[in-house]
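Asker: this is a predicted model, with the sequence first.
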Amino acid sequence: MKNKNFDFISSKFDDENINAPESLSEENVKARLEKGTSTNNIIKFKPNNKRFVKSAVSIAAAIALVVVSISAVNYFGSRVTNNDDITSSNEDIIYFSSRDEIDELMKERLDDEKSGSGFIVKNFKKSAEEAEIAEDGATGKMNYGEDTVASSGVSHSDTYKQVDAVDEADIVKTDGEYIYYLSNGEREIVIVSAKDGKTKNASKIKIDDDSEPRELFVKDNTLVVITSGTRYIDKKNYEYKTITNVKAYDIKDRRNPKEKYSYSQSGYYDSSRMIGDCVYIVSNESNFYYIKNHIYPCATDKDGKFSELPPQNVCAIKDGKGGNYTVIGALDVSNGRKAKKTKAVIGATDKIYCSENNLYITGVNYDFNSYTFNSECTIVKISLEKTNINIKATGRVKGNVNDQYSMDEKDGYFRIATTKQTQKGNDINVLYVLDEKLNEVGRVNSFAKNEHIEAVKYIGDMAYVITYEQTDPLFIIDLKDPENPDILGEVKISGFSTMLVPIDEKTLLGIGYSTEENEFGEATNGLKLALFDISNPATPKVIGEKEFEGVDSEVQNEPKALVVNSEKKYFAIPATFDDYESQGALVFTANNGKINVLKKFVSDRLIESDRCLYIDDFIYAIDTYEEIIDSFTLD
């Protein structure tokens, strides 16, 4: 029988018109899997028509990451070595004084991608003074989940955030009076009034270009919509440019939204954050092998024209590879003033972390010549001063980053947990501590051998790390001494958590998958909630757990799907029941060491439940694709 997983991988290469490396041929992949992976490691995920969940087979996961990243592989370079801030001469960052210099470097890097040969850096101009880079420092605060009160006094949920002061875009938002969501089915933004469990359409905003709605923010009376699309350069040769668009609407009159301003930048939308009135946009623009002339990064300038960035606003890393751009833009939500200088770094984006003052962009450099799929995570630190965007430092560590929650910043130190592979293809995990210049100062090395990271939560000077292979160990790591981080304790449990949520100072909630044994090994079979007692870091304990066979939730893969009502002390998640036969939401508490289900809401209207939220006493379950909202109370 033809391998369906390999067909999926192959199709992704075909979609991008890229020839897969010989090491990723079906025969080589099968041989590698047979040689280095036992059937006991196989995790089988139930089908979902709207998302692809990564496999837990270590080598298959690496292949999948190669597929996802082949058009967006990050080849940033080495860490900053100077002791002063980056405004002084820095041999690791290349600055440009002309478009010709960028073209020359890009041509060599694209040729290097084709040939697989080494890259020799030419003596391009390295002028940090021309790049006008400024210094800044930061510490972010963790968000434990807070209720929000609308101007009318109505309490409502907020998007679950990693850092309290840093808002994150999502497909659904509410201000306590209205619900705003993206309808991918109709390519429009829907605004719905919501009161006492009843909803009524107020207005719809049609996306009138070729782009697709991705996420949105709501700030006071301004709605910010982010979309991505393509613009063909040469249709005959299938050469195109990807574009990320940002449009802001005045929504004082929710029944008649009016466009305030728009902004565009090169690249396919990757992520965004909002701090105060400023929205930061990160996009990735690929230069594919088959494009004759490399694509140059562009953004909306002060005259409203979509123009090429000045060469001084583009930089590269000295020993980097690859020909993609990461473009970083900023907008003032209140009046649409864009950043003084949109910046671009030659290299693509994987995951980002954002504190109140610094943005960290990570990427993965895969060694295609190695059968162990060795990878290196590269980091670019960008200081955020109002709407200024300034590249501050670069660094790198070994391994892959699971998600944004694997990263954190505290007291000037950057902490990052990764999973890497040994020469034999086995997973091992490392937690690095880097200083303000992204130089390594400490690490916890090679813990949880033959397991991979599934979830991380940083709380103060502690890191809580979930790894998985056959069981779900929780490791507690003390980071108080950055130079000597240490594992204090661990505890194991069946299944695995993909998200960790602090309940109080002594308790941690894990949300993830329950598992079962079948003829292929261990497979997921539903939702699992677990409570960990972390009061004594040396001896953490599992004090409560509950499994829901046949139940699946978006929250297992997307933390923003979690709803926290801290006032009434409950959690709500969108859910599918009975192996996708019905849709709705699950509401539960996690108090006094016990998990109690308050409500299993099954809707007779929803086709698929994407998100849920609450406004006062009512909880709303939303199917964004079919534009259906159903509501219920806990009574």
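Answerer: Sure thing, it's come through. Residues are numbered from 1 along each chain as shown.
Asker: could you use CA atoms for every contact and neighbour count after this?
Answerer: Will do.
Asker: which stretches of the chain have low pLDDT?
Answerer: Within the chain, the stretches with pLDDT under 70 are 1-91, 112-152, 233-235, 237-239, 288-294, 320-322, 338-340, 366-374, 386-387.
Asker: can you count the residues close to Ala575?
Answerer: Counted with other C-alpha atoms under 10 Å, residues neighbouring Ala575 total 27.
Asker: which is the next helix or strand following the helix or strand containing it?
Answerer: Assigned by DSSP states H and E, Ala575 falls within strand 570-577. Along the chain past strand 570-577, the next helix or strand (assigned with DSSP H and E) turns out to be strand 582-591.
Asker: which elements pack onto the helix or strand following that following strand?
Answerer: Once the chain leaves strand 582-591, the next helix or strand it forms, by DSSP H and E, is strand 594-603. For strand 594-603, the elements it packs on are strand 521-533, strand 541-549, strand 582-591, judged by 3 or more C-alpha pairs under 8 Å, 6 or more residues apart in numbering; DSSP states H and E.
Asker: in JSON lines, list these along with mean neighbour count and distance to Lys241.
Answerer: As requested, the helices and strands packed on strand 594-603 are exported to JSON lines (neighbours: other C-alpha atoms under 10 Å; distance: least, C-alpha to C-alpha, whole Å):
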{"stretch": "strand 521-533", "mean neighbour count": "22", "distance to Lys241": "40"}
{"stretch": "strand 541-549", "mean neighbour count": "17", "distance to Lys241": "45"}
{"stretch": "strand 582-591", "mean neighbour count": "22", "distance to Lys241": "38"}
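Asker: could you dump these to TSV with distance to Pro482?
Answerer: Listed next are those as TSV, based on distance: least, C-alpha to C-alpha, whole Å:
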stretch	distance to Pro482
strand 521-533	25
strand 541-549	26
strand 582-591	32
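Asker: which one of those lies closest to Lys410?
Answerer: strand 521-533 (23.9 Å; C-alpha to C-alpha).
Asker: between that closest one and strand 582-591, how many degrees?
Answerer: 40 degrees (axes from the mean of the first three to the mean of the last three C-alpha atoms, to 10 degrees).
Asker: okay, now the sheet partners of strand 521-533, with direction.
Answerer: Sheet pairing of strand 521-533 (DSSP bridges) gives strand 507-518 (antiparallel), strand 541-549 (antiparallel).
Asker: same list (these) but as TSV, adding distance to Gln312.
Answerer: As requested, those are exported to TSV (distance: least, C-alpha to C-alpha, whole Å):
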stretch	distance to Gln312
strand 507-518	46
strand 541-549	54
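Asker: nearest to Ser603, of the ones you listed?
Answerer: Relative to Ser603, the nearest member of the strands paired with strand 521-533 by C-alpha to C-alpha is strand 541-549, separated by 17.7 Å.
Asker: coming back round to it: out of the strands paired with strand 521-533, which is closest to Lys424?
Answerer: Counting by C-alpha to C-alpha, Lys424 lies closest to strand 507-518 out of the strands paired with strand 521-533; the figure is 25.9 Å.
Asker: pull the CA atoms of that closest one into CSV?
Answerer: The C-alpha trace of strand 507-518 is given here as CSV (Å, rounded to 0.1, in the frame of the first residue of the first chain):
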residue,chain,number,x,y,z
THR,A,507,-0.8,23.7,41.2
LEU,A,508,-0.3,23.4,37.5
LEU,A,509,-2.9,22.2,35.0
GLY,A,510,-1.9,20.1,32.0
ILE,A,511,-4.2,19.9,28.9
GLY,A,512,-3.4,17.4,26.2
TYR,A,513,-4.0,13.9,24.9
SER,A,514,-5.0,10.6,26.5
THR,A,515,-3.5,7.6,24.9
GLU,A,516,-4.1,3.8,24.5
GLU,A,517,-2.3,0.8,23.3
ASN,A,518,-3.3,-0.7,20.0
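Asker: now do it: everything it contacts.
Answerer: Counting by C-alpha atoms under 8 Å, 6 or more residues apart in numbering, the neighbours of strand 507-518 from elsewhere in the structure are 494-503, 522-535, 547-549, 555-556, 590, 593.
Asker: can you do 6 Å?
Answerer: By C-alpha atoms under 6 Å, 6 or more residues apart in numbering, the surrounding residues in contact with strand 507-518 are 495-502, 522-534, 556.
Asker: separation between the residue nearest to Leu562 when sequence neighbours are not counted and Arg214?
Answerer: Once flanking residues are discounted, Leu562 sits nearest to Ile573: 5.4 Å by C-alpha to C-alpha, 6 or more residues apart in numbering. When distance is defined by C-alpha to C-alpha, to the nearest Å, Ile573 is 21 Å away from Arg214.
Asker: neighbour-wise, which of these two wins?
Answerer: Neighbours were tallied for Ile573 and for Arg214 using other C-alpha under 10 Å; the higher tally belongs to Ile573 (27 against 21).
Asker: isn't that one right next to Leu586, touching?
Answerer: Yes: in this structure, Ile573 is within contact of Leu586 by C-alpha atoms under 6 Å, at 5.5 Å.
Asker: quick one: buried residues of stretch 622-635?
Answerer: 622-627, 629-632 (16 or more other C-alpha atoms under 10 Å).
Asker: cool, and stretch 442-450?
Answerer: Neighbour-count burial for stretch 442-450 flags 442-444, 447-450 (criterion: 16+ other C-alpha under 10 Å).
Asker: quick check, nearest of these to Ser582?
Answerer: Distances from Ser582 to these, taken as C-alpha to C-alpha, are shortest for Asn450 (36.6 Å).
Asker: got phi/psi on that closest one?
Answerer: The phi/psi pair for Asn450 (degrees, to the nearest 10) reads phi 70, psi 20.
Asker: so what's it up against?
Answerer: Asn450 touches 426-428, counting by C-alpha under 6 Å, 6+ apart.
Asker: buried among the residues you listed? Make that a ChimeraX selection.
Answerer: The following ChimeraX command selects only the buried members of the contacts of Asn450, with burial defined by 16+ other C-alpha under 10 Å:
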select :426,427,428
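Asker: now the strands for the stretch 101-250 of the chain?
Answerer: With DSSP state E, counting those that start in this stretch as the criterion, the stretch 101-250 of the chain has strands at 148-149, 155-156, 172-174, 178-183, 188-195, 198-206, 212-219, 222-234, 239-250.
Asker: make a markdown table out of those and add distance to Gly395.
Answerer: Rendered in a markdown table, the data for those read as follows (distance: least, C-alpha to C-alpha, whole Å):
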| stretch | distance to Gly395 |
| --- | --- |
| strand 148-149 | 37 |
| strand 155-156 | 40 |
| strand 172-174 | 35 |
| strand 178-183 | 36 |
| strand 188-195 | 39 |
| strand 198-206 | 42 |
| strand 212-219 | 30 |
| strand 222-234 | 29 |
| strand 239-250 | 27 |
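Asker: out of those strands, which gets nearest to Pro485?
Answerer: Of all the strands of the stretch 101-250 of the chain, it is strand 148-149 that lies closest to Pro485, at 36.1 Å by C-alpha to C-alpha.
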